[in-house]
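Participant: Sequence unavailable; structure follows:
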């Protein structure tokens, strides 16, 4: 018998489920379209069916970890998620308990990613670090003295919503100058539009609409020396670097780990981020905080993160 | 025999020492001018002499807590303090250990204040809160799940140095747009100057120099309907309220406790702070976070804070 847990990552587009051993080996996995379920009860049924498909007699699973957007850690609910089809308070833990008689732990996706880095990735040796996910939005998981900062109500670590400009861009939640309106996959697209408005340089982006624009196009354009793409990365990295320097004043991490689509742009985002981080960090923190990339392979990172909270 | 600890608060001007019982009762206390000591070794000697003066045969003291600016919690040192006369790394714990054979715990003043509120003040029932000291600068102590956030190196919770404006005022540490350049006793004085530059209203402050200006004058002027004083409080409270709303996204406290000279301006600072806090807080935090005042009497708060870390 092999001891395993189930890791479930609920994304706006895809829900991924995997069977994970203690060492982080993902024995088997499957995924389905989150919006393929008509209602939330159907969705719960789809999770249950998928888990049962993945299980075999040789394995002994004893807990389930779930990563989801807008997760309330303490109550086991998903609350008014912007990117899912269902509204209100979704009682995911309670409903799944009807199917599985094991402990079920829910956390938000960025918190899962932080726990995943601690167990399997680049944070194994850190007790104080901040993980930043740069996906559609900007998520964060903050670990202090080896423990996740959860907050009074399970909603700590929403750094994407911090307002950084008095009179800046609006986020989906209506925050004026919210960080994720600048530093995220969508934020970078918005910055391409801003740079097209500000400069007169020719650019591949003068022929592409906002909706047709993808993150990889921006990396490719930067590699082809497109001035608008290069301005956009520099602008984004400057804001991210300054913001990370501010975050250090809060929990003084030993490392900040960047993960997600935008982090995969490599040097284009990392170089300006590190430069402006060093420029803005307080003297008594200088040379004590590393900015590093995720140690988990992108394809399994979300499942491993969810599995990590189950093992914990 | 009464069980007690010694609480020592080292301030830029005054060093206060008290004998404190477990229930927070301060049996006796004494203070001296910090700058009265010629060098740091003399200062240590003065602490030792004062403690010995305060002790009597009927009490049994078993630890010493020290609150100081720029304290390195983990190393027991005070590092390059801006407001003390001595520079470099001051080995305060090591040097005091030559005089006293009991455990000696050092922490920064705002962290002590947070522990004081937890043991004796208004944070007794909170496991997640942020304490903000509004003195000469802006200090902070952040408690998450009942524990102080210390950070990798003992320097977490330096919220006064967070940069809030792209192109703002400089702090003593050279941070551009640093929060404490706006929200602190000195920040409020700077704002009086700014308002004198911006508006043409007559004001009592047109006859007072920056150096002659004191916090109490500003409260008094506001009570006398001085427009410049009222603009200054509103401006300060707006910045503080917005900043506190941002801080909630980090550790999701149940309460934020304001203490120190500027907090004593009462409604003049609290009303705009609360208004802009509510206006800027994220929807999913709304009505879950209280802004409250310190529950400790000003005169003993610093000693009690230092005693609290000794009892812990």
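Facilitator: Cool, the structure landed. It should be emphasised that the depicted structure is a prediction, and the values quoted were computed from it without experimental measurement.
Participant: quick one, what contacts the closest residue to chain B within the stretch 51-200 of chain A?
Facilitator: Closest residue of the stretch 51-200 of chain A to chain B, C-beta to the nearest C-beta: residue A:151 (2.5 Å). Every residue, glycine included, has its C-beta placed from N, CA and C. Shown in contact with residue A:151 (C-beta atoms under 8 Å, 6 or more residues apart in numbering or on different chains): A:157, B:128, B:144, B:251-253.
Participant: need the helices for the stretch 151-300 of chain A, in chain order.
Facilitator: Under the criterion DSSP state H, counting those that start in this stretch, helices of the stretch 151-300 of chain A are mapped to A:185-198, A:215-223, A:227-251, A:267-280, A:298-311.
Participant: Can you flag the weakest of those helices by average pLDDT?
Facilitator: Least confidently modelled of the helices of the stretch 151-300 of chain A is helix A:298-311, at a mean of 89 by mean pLDDT.
Participant: and the stretch 151-300 of chain A, which of its residues are near chain B?
Facilitator: Taking C-beta under 8 Å from any C-beta of the partner chain as the contact definition, the stretch 151-300 of chain A meets chain B at A:151-159, A:161-163, A:165-166, A:173, A:175, A:242, A:245-247, A:249-254, A:280, A:282-285, A:288-289.
Participant: Buried ones among those?
Facilitator: Among those, those scoring as buried are A:151-159, A:161-163, A:165, A:173, A:175, A:242, A:245-247, A:249-254, A:280, A:282, A:284-285, A:288-289 (criterion: 16 or more other C-beta atoms under 10 Å in any protein chain shown).
Participant: ok, back up a step: output the contacts of residue A:151 as a markdown table; include the columns distance to residue B:112.
Facilitator: A markdown table is the format used below for the contacts of residue A:151 (distance: C-beta to C-beta, whole Å):
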| residue | distance to residue B:112 |
| --- | --- |
| A:157 | 26 |
| B:128 | 18 |
| B:144 | 17 |
| B:251 | 19 |
| B:252 | 23 |
| B:253 | 18 |
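Participant: Out of the residues you listed, which comes closest to residue B:205?
Facilitator: Nearest to residue B:205, judged by C-beta to C-beta, of the contacts of residue A:151 is residue B:253 at 35.1 Å.
Participant: could you check the distance from the closest one over to residue B:141?
Facilitator: Distance of residue B:253 to residue B:141, given as C-beta to C-beta, to the nearest Å: 11 Å.
Participant: where do the contact lists of these two overlap?
Facilitator: In contact with both residue B:253 and residue B:141: residue B:130, using C-beta under 8 Å, 6+ apart.
Participant: What distance do you get for the residue located most distally from the centre of chain A to residue A:208?
Facilitator: Centroid-distance maximum for chain A: residue A:200 at 34.4 Å, with C-alpha atoms, centre = their mean. The gap separating residue A:200 from residue A:208 is 17 Å, by C-beta to C-beta.
Participant: residues in contact with the residue of the stretch 201-312 of chain A found nearest chain B?
Facilitator: Across the stretch 201-312 of chain A, no residue is closer to chain B than residue A:252, which sits at 2.5 Å (C-beta to the nearest C-beta). Residue A:252 makes contacts with A:128, A:285, A:288-289, B:150-158, as judged by C-beta under 8 Å, 6+ apart.
Participant: Which single one of those residues is nearest to residue A:260?
Facilitator: The closest of those to residue A:260 turns out to be residue A:289 (C-beta to C-beta; 19.7 Å).
Participant: now the strands for the stretch 1-150 of chain A?
Facilitator: Along the stretch 1-150 of chain A, the segments classed as strands by DSSP state E, counting those that start in this stretch run A:2-10, A:14-21, A:26-33, A:59-68, A:71-72, A:77-79, A:89-90, A:104-108, A:129-134, A:138-144, A:147-148.
Participant: Most tightly packed of these?
Facilitator: Stretch with highest mean neighbour count among those: strand A:129-134 (a mean of 29; mean count of other C-beta atoms under 10 Å in any protein chain shown).
Participant: What strands line up against it, and which way round?
Facilitator: strand A:138-144 (antiparallel), strand A:255-259 (parallel) (DSSP bridges).
Participant: Can I get the ones you listed in JSON lines including distance to residue B:219?
Facilitator: Listed next are these as JSON lines, based on distance: least, C-beta to C-beta, whole Å:
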{"stretch": "strand A:138-144", "distance to residue B:219": "37"}
{"stretch": "strand A:255-259", "distance to residue B:219": "41"}
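Participant: can you redo the ones you listed as JSON lines with mean pLDDT?
Facilitator: Converted to JSON lines, those look like this (pLDDT from 0 to 100):
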{"stretch": "strand A:138-144", "mean pLDDT": "96"}
{"stretch": "strand A:255-259", "mean pLDDT": "97"}
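Participant: Of those, give the one that comes closest to residue A:294.
Facilitator: Relative to residue A:294, the nearest member of the strands paired with strand A:129-134 by C-beta to C-beta is strand A:255-259, separated by 3.8 Å.
Participant: burial measure for residue A:198, as a count.
Facilitator: By other C-beta atoms under 10 Å in any protein chain shown, the residues close to residue A:198 number 12.
Participant: Could you pull up the contacting residues of it?
Facilitator: Here residue A:198 is in contact with residue A:231 (criterion: C-beta under 8 Å, 6+ apart).
Participant: What's opposite the residue most central in space within chain A in the beta bridge?
Facilitator: In chain A, the centroid-proximal residue (C-alpha atoms, centre = their mean) is residue A:133; its distance is 3.4 Å. Bridge pairing for residue A:133 (DSSP bridges) gives the partners residue A:139, residue A:259.
Participant: circling back to that earlier point, need the pLDDT of the closest residue to the residue of the stretch 51-200 of chain A closest to chain B other than its chain neighbours.
Facilitator: What sits nearest to residue A:151 in space, not counting adjacent residues and going by C-beta to C-beta, 6 or more residues apart in numbering or on different chains, is residue B:252, at 2.5 Å. Residue B:252 carries a pLDDT score of 97 in this model.
Participant: Could you tell me which residues of the stretch 1-150 of chain A lie near chain B?
Facilitator: With the criterion set to C-beta under 8 Å from any C-beta, the stretch 1-150 of chain A comes near chain B through A:70, A:79-80, A:126-128, A:142, A:144-145, A:147, A:149-150.
Participant: Recalculate using a threshold of 7 Å.
Facilitator: Counting by C-beta under 7 Å from any C-beta of the partner chain, the positions of the stretch 1-150 of chain A adjacent to chain B are A:79, A:128, A:144-145, A:147, A:149-150.
Participant: so who does the residue lying closest to residue A:182 once chain neighbours are set aside touch?
Facilitator: Leaving aside its sequence neighbours, residue A:182 sits nearest to residue A:239 (C-beta to C-beta, 6+ apart; 4.9 Å). By C-beta atoms under 7 Å, 6 or more residues apart in numbering or on different chains, the contact set of residue A:239 is A:164, A:182-183.
Participant: now, which of the contacts of residue A:252 sits nearest residue B:214?
Facilitator: Closest to residue B:214, out of all of the contacts of residue A:252 and judged by C-beta to C-beta, is residue B:158, at 26.1 Å.
Participant: Just read off the phi/psi values of the closest one.
Facilitator: phi -110, psi 60 (degrees, to the nearest 10).
Participant: roughly how far apart are it and residue A:18?
Facilitator: From residue B:158 to residue A:18 the distance is 40 Å (C-beta to C-beta).
Participant: try residue A:34
Facilitator: Residue A:34 sits 16 Å away from residue A:18, taking C-beta to C-beta as the criterion.
Participant: Then residue A:150?
Facilitator: Here the criterion is C-beta to C-beta. By it, residue A:150 lies 24 Å from residue A:18.
Participant: Excluding chain neighbours, what is closest to residue A:168?
Facilitator: Distance criterion C-beta to C-beta, 6+ apart; nearest residue to residue A:168, sequence neighbours excluded, is residue A:177 at 3.0 Å.
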